[in-house]
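**Student:** got a predicted structure here, sequence first:
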Amino acid sequence: NIRLSLQMSVRCSIFGEKTVEKFIYSIIIVFIVAEFLLDFLLEYLNKRNGNAPVPKVLSDVVDAEQRSKTKAYRHAQYRFDRVQSSFSFLAILCLLVFGAFSFLNTWVEQITVTPLLQTLLFFSVLAFAMEITGLPFAYYHTFGIEERFGFNKSTVKTFVLDTIKGWGLGLVLGGGLLSLIFIVWQKTGSFFWILAWLLVSAISIFMAMFYSQLIVPMFNKQQPLAPGSLRSAIEAFSEKAGFQLENIYTIDGSKRSTKANAYFTGLGSQKRIVLYDTLLEQLTEDEVVAVLAHEVGHYKHKHVLAQLFQGILQTGLMFFLLSFVISNETVAASIGVNQPSFHIGVLVFGLLYTPVSMLLGVLTNLYSRKCEFEADAFVKPFGLAASLVSALKKLTVKNLSNPTPH
């Protein structure tokens, strides 16, 4: 009787575990399908709204010919995004349905018995596969769509070099960070998420300070804005705004695209404003100062620090949730892996984190829009409102931006 009772208990336990495994697997599939369908719906709504009448504020810069060109560009982008996202969707489904992750895990275990090397090899193979399959899409987008509509200035040589540099950075920075997180997990166990959070946060702050000095030069040339009337106008504005700005740089964005941009980067003494050379070509002096004032507005309203802090909080939440999944046998078994490991835990967590990431993305975008409006309003007391309006109109036309998003 005792033996029979034990056998029944074991069978019930196994049945329960199998049920949970199937439930987790089903949840992963549901999340992936739901994300794809929601993305499809949002893109469709945006595309459909592209037929709405142009706002009156843009009627002086968007004529019938410009509107037609913008629609054609947005339609081409829409079709491209649909094909690319559909390919990615089907690829991840196939990997799950046919047990590719389990097969890859078995393969890396046969290659090496060192857990850290298994993790690095596992994610290296996945990353390489993603890069290779994504390469034709990236090439077509650059030399197909962007070239057709007059945006692309990149050469095949530049494209290849950018790809190689990107892979190298991913290997060094991604592999290095992954190794550090693995070591922290291996040494500290279930409370690893706190130390991993602190580690990644410290690296994020460092990169926020020195990204423009360390990473950007690998891809673009930056140089201080030359003395002249524009620099004098910018310095005059900075004095009025009470903003000490010594680091004003230009970047050769025209090396790859005709699209214009500007951004604020760095913290403390390392802060700098970077202006694309295409921006200087397309806008008047007053308009450039207005765009720069917008960027200064972000700093004055402490948006840079707030968004950095926001990112750190999200990273903490991510690591906290990861700590519940990373060593769970049932979670690993849900994708056909019998023995839990660091890399399998991270992989399954990434698949399950989708709805959380989506929700946080919505909240982040809401806050980002608020920041943009505040930065726009910052220029008004300095008499630059009209210049900012005209600058944004020009950029809307030049970049073939959708004037009527959903």
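**Tutor:** Sure thing, it's come through.
**Student:** at which residues are the helices of the stretch 151-300 of the chain located?
**Tutor:** Secondary structure of the stretch 151-300 of the chain (DSSP state H, counting those that start in this stretch): helices at 156-169, 175-188, 192-214, 229-241, 277-282, 285-300.
**Student:** how about the stretch 1-150 of the chain?
**Tutor:** Under DSSP H, counting those that start in this stretch, the stretch 1-150 of the chain gives helices at 2-49, 64-97, 100-111, 115-140, 147-148.
**Student:** just say helix, strand or coil for the most centrally placed residue in the chain.
**Tutor:** Nearest to the geometric centre of the chain sits residue 361, at 10.5 Å (C-alpha atoms, centre = their mean). Of the three states, residue 361 takes helix under DSSP: H, G, I helix; E, B strand; the rest coil.
**Student:** follow-up on the earlier one: between the helices of the stretch 1-150 of the chain, which one is closest to residue 389.
**Tutor:** helix 64-97 (17.6 Å; C-beta to C-beta). Any C-beta I mention is one placed from the backbone N, CA and C, and that applies to glycine too.
**Student:** picking up where we left off before, just put the helices of the stretch 151-300 of the chain in TSV and tack on distance to residue 144.
**Tutor:** Output for the helices of the stretch 151-300 of the chain, formatted as TSV (distance: least, C-beta to C-beta, whole Å):
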stretch	distance to residue 144
helix 156-169	12
helix 175-188	32
helix 192-214	30
helix 229-241	36
helix 277-282	21
helix 285-300	30
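**Student:** out of those, flag the one nearest residue 149.
**Tutor:** helix 277-282 (14.9 Å).
**Student:** helices or strands next to the closest one in the packing?
**Tutor:** Helix 277-282 sits against strand 248-251, helix 285-300, helix 385-398, with contacts defined as 3 or more C-beta pairs under 8 Å, 6 or more residues apart in numbering; DSSP states H and E.
**Student:** that one: which residues count as buried?
**Tutor:** 277, 278, 279, 280, 282 (16 or more other C-beta atoms under 10 Å).
**Student:** do the same with stretch 124-131
**Tutor:** 124, 126.
**Student:** pull the distance from that stretch to the chain's centre.
**Tutor:** 17 Å (C-alpha atoms, centre = their mean, to the nearest Å).
**Student:** pull the CA atoms of that stretch into PDB?
**Tutor:** Extracted in PDB, the C-alpha atoms of stretch 124-131 (Å, rounded to 0.1, in the frame of the first residue of the first chain):
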ATOM      1  CA  SER A 124      26.800  34.000 -29.700                       C
ATOM      2  CA  VAL A 125      25.200  31.500 -32.000                       C
ATOM      3  CA  LEU A 126      21.800  33.000 -31.600                       C
ATOM      4  CA  ALA A 127      23.100  36.600 -32.100                       C
ATOM      5  CA  PHE A 128      25.100  35.500 -35.200                       C
ATOM      6  CA  ALA A 129      22.000  33.800 -36.700                       C
ATOM      7  CA  MET A 130      19.900  36.900 -36.100                       C
ATOM      8  CA  GLU A 131      22.500  39.100 -37.700                       C
END
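**Student:** now that stretch: mean pLDDT?
**Tutor:** Per-residue pLDDT over stretch 124-131 has a mean of 95.
**Student:** isn't residue 200 up against residue 178?
**Tutor:** No - with contact defined as C-beta atoms under 8 Å, residue 200 does not count as touching residue 178 (10.8 Å).
**Student:** where in the stretch 201-350 of the chain is pLDDT low?
**Tutor:** The stretch 201-350 of the chain contains no residues with pLDDT under 70.
**Student:** dump the residue contacts of the residue nearest to residue 352 when sequence neighbours are not counted.
**Tutor:** Spatially, and ignoring its direct neighbours in sequence, residue 352 is nearest to residue 28 (6.3 Å; C-beta to C-beta, 6 or more residues apart in numbering). Residue 28 makes contact with 96, 334, 335, 348, 351, 352, according to C-beta atoms under 8 Å, 6 or more residues apart in numbering.
**Student:** what sits up against the helix or strand hosting the fourth one?
**Tutor:** Think residue 348. If you go by DSSP states H and E, residue 348 is part of helix 342-352. By C-beta under 8 Å, 6+ apart, the residues outside helix 342-352 that reach it are 24, 27-28, 31-32, 101, 105, 115, 118-119, 122-123, 126, 182, 185-186, 321-322, 325-328, 331-332, 334-335, 337.
**Student:** which among those residues end up buried?
**Tutor:** 24, 28, 31-32, 101, 105, 118-119, 122-123, 126, 182, 185, 322, 325-328, 331-332, 334-335, 337.
**Student:** average model confidence for stretch 383-391?
**Tutor:** pLDDT averaged over stretch 383-391 gives 94.
**Student:** buried set for that stretch?
**Tutor:** Buried residues in stretch 383-391, counted by 16+ other C-beta under 10 Å: 384, 387, 388, 390, 391.
**Student:** can you get me a residue count around the closest residue to the first one other than its chain neighbours?
**Tutor:** When the adjacent residues along the chain are set aside, residue 384 lies closest to residue 290, with 4.1 Å between them (C-beta to C-beta, 6+ apart). Residue 290 has 25 neighbouring residues, counting by other C-beta atoms under 10 Å.
**Student:** quick one: residue 290 from residue 101, how far?
**Tutor:** 51 Å (C-beta to C-beta, to the nearest Å).
**Student:** that older thread, residue 76: which of the buried residues of stretch 383-391 is nearest?
**Tutor:** residue 391 (26.0 Å).
**Student:** skip the chain neighbours and tell me the closest residue to that closest one.
**Tutor:** residue 287 (3.8 Å).
**Student:** just residue 355 next, same as before
**Tutor:** residue 31 is the one closest to residue 355 (C-beta to C-beta, 6+ apart), at 6.0 Å.
**Student:** quick one, what contacts the one you found?
**Tutor:** Taking C-beta under 8 Å, 6+ apart, one finds 351, 352, 354, 355 in contact with residue 31.
**Student:** end to end on stretch 258-271, go ahead and measure it.
**Tutor:** Using C-alpha to C-alpha, to the nearest Å, the gap from the first to the last residue of stretch 258-271 comes to 26 Å.
**Student:** what's the answer for stretch 369-389, then?
**Tutor:** 17 Å.
**Student:** could you do stretch 398-406 as well?
**Tutor:** The first and final residues of stretch 398-406 sit 21 Å from each other (C-alpha to C-alpha).
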